[in-house]
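# Please find the sequence and the predicted model below.
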Amino acid sequence: MVRSRKIGIATKRMARDENDPLPKHLQPQTFPKVLEGLPVAAMQEYITELEAEIAKVRTEIDKRGGVKSAAEALFS
């Protein structure tokens, strides 16, 4: 795969190493998942994965809330 990078007004083409992970916005989504036909154990594992992802998002929201509170305190 070839990717391009703008340098000023020129564009430089670079070959992508297949071992490099894709940027987040190009990674395949793991959900919503088609649940029809999945065994119960697979669905339970899927729930566990989603709960872990939700926990990560909540942690990030809490971090950002702390930064906002600190900024508000600075200007109060």
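Looks like it came in fine.
# quick one, strands of the protein?
Listed in chain order, the strands of the chain (DSSP state E) span 2-7, 10-15.
# Look up how far Leu38 lies from Lys63.
Going from Lys63 to Leu38 by Cβ to Cβ, to the nearest Å gives 34 Å. C-beta here means a position set from N, CA and C on the backbone, and glycine is covered the same way.
# quick one, which of the two is more surrounded?
A count of neighbours by other Cβ atoms under 10 Å puts Leu38 above the other of Lys63 and Leu38, at 13 against 10.
# which ones are touching the more buried one?
Contacts here follow Cβ atoms under 8 Å, 6 or more residues apart in numbering; on that basis Leu38 touches Tyr46.
# ok, it to Glu45 distance?
9 Å.
# again, but for Glu72
With distances taken as Cβ to Cβ, Glu72 is found 41 Å from Glu45.
# So between the two, which is more surrounded?
Neighbour count, other Cβ under 10 Å: between Glu72 and Glu45, Glu45 has more, with 12 against 9.
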